[in-house]
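Novice: have a look; sequence and predicted model below, questions after that.
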Amino acid sequence: MAWSYARVAAAALTFAAIIAQLIRTTERALEATTDYASHVPTVVANFLSYFTIQSNLFTAILLVVAAVWAWTKGKDAETEPRWLAILLACLTTYMIVTGIVYNTLLRNVVLDQGVTVWWSNEILHVVIPVFMLVDLFVAPKRRPLPWSTVGIIAIYPIVWAVYTLLRADMIIAPASGNPWWYPYPFLDPHLVPGGYVGVAGYIVGIAIAIVGVGLLVVWVGRWRAQRRVAVEAAVS
């Protein structure tokens, strides 16, 4: 039960970080003097198209849902429901990968989202990924999941990548005026050596990371369940 308060606190911190960065990004659009940079709907849509923003937003919502479940139906349950376990596995994977990708590929790269709010940036790319890693190991009533869950985990990143690549040439970049917009430089064939082939290489590498982290997340859940059963058997 106590961990539920930590989850709600992490969710509140995440919401605050997202809102703070959205406000600053919108302010920059309102201050712009060109049509493409001052188009607020496009700027907001771009902001919400970042994998980091989406995964953090979904994580914050899920942490609140998980806490409410723990305080209500979870009181008498031995393990969390399957749907909650799957969603936690998915978002834990996405957040860990977000932390890895940002801190290895993007830490010193200025992204086209307006002036970065430094504390918001650290919360979304460091604090919450670390929190979800800790949550994986300490959150009570974890349900073991089948290995096939990794396939479910991979669905959203694939959909996001397809959406991003299809949308890119439909958008004028607010910061530069280029007739394309990619949320991350490693997805931009105009910047990556080798063009789309180079982009494909990055996508494959990140896909491998997602599958690898997903396997780890599922394994930890299964290991914790086995350990719980062993402890209960020893006590009885």
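Specialist: Great, that's in hand.
Novice: where is the longest helix in the protein?
Specialist: helix 196-235 (DSSP state H).
Novice: what about the strands in the chain?
Specialist: Read by DSSP state E, the chain holds no strands at all.
Novice: coming back round to it: what's the mean pLDDT across the longest helix of the chain?
Specialist: Averaging pLDDT along helix 196-235 yields 90.
Novice: that one - contacts with which helices or strands?
Specialist: On a contact count with 3 or more Cβ pairs under 8 Å, 6 or more residues apart in numbering; DSSP states H and E, helix 196-235 meets helix 82-101, helix 128-138, helix 149-168. Heads up, the C-betas are built off the backbone N, CA and C, glycines and all.
Novice: in that helix, what's buried?
Specialist: 199, 202-203, 206, 209-211, 213-214, 216-218, 220-222, 224-225, 228 (16 or more other Cβ atoms under 10 Å).
Novice: for stretch 175-190, same thing?
Specialist: Those would be A175, W181, Y182, P183, Y184, P185, F186, L187, D188, P189, for stretch 175-190 by 16+ other Cβ under 10 Å.
Novice: what's around the closest residue to the fourth one other than its chain neighbours, how many residues?
Specialist: Looking back up the chat, that one is P183. Excluding the flanking residues, the one nearest P183 by Cβ to Cβ, 6 or more residues apart in numbering is Y50, at 4.9 Å. For Y50, the count of nearby residues is 21 (other Cβ atoms under 10 Å).
Novice: just use 686 as the starting number from now, easier for me
Specialist: Right, with 686 as the first residue, what we last looked at is Y735.
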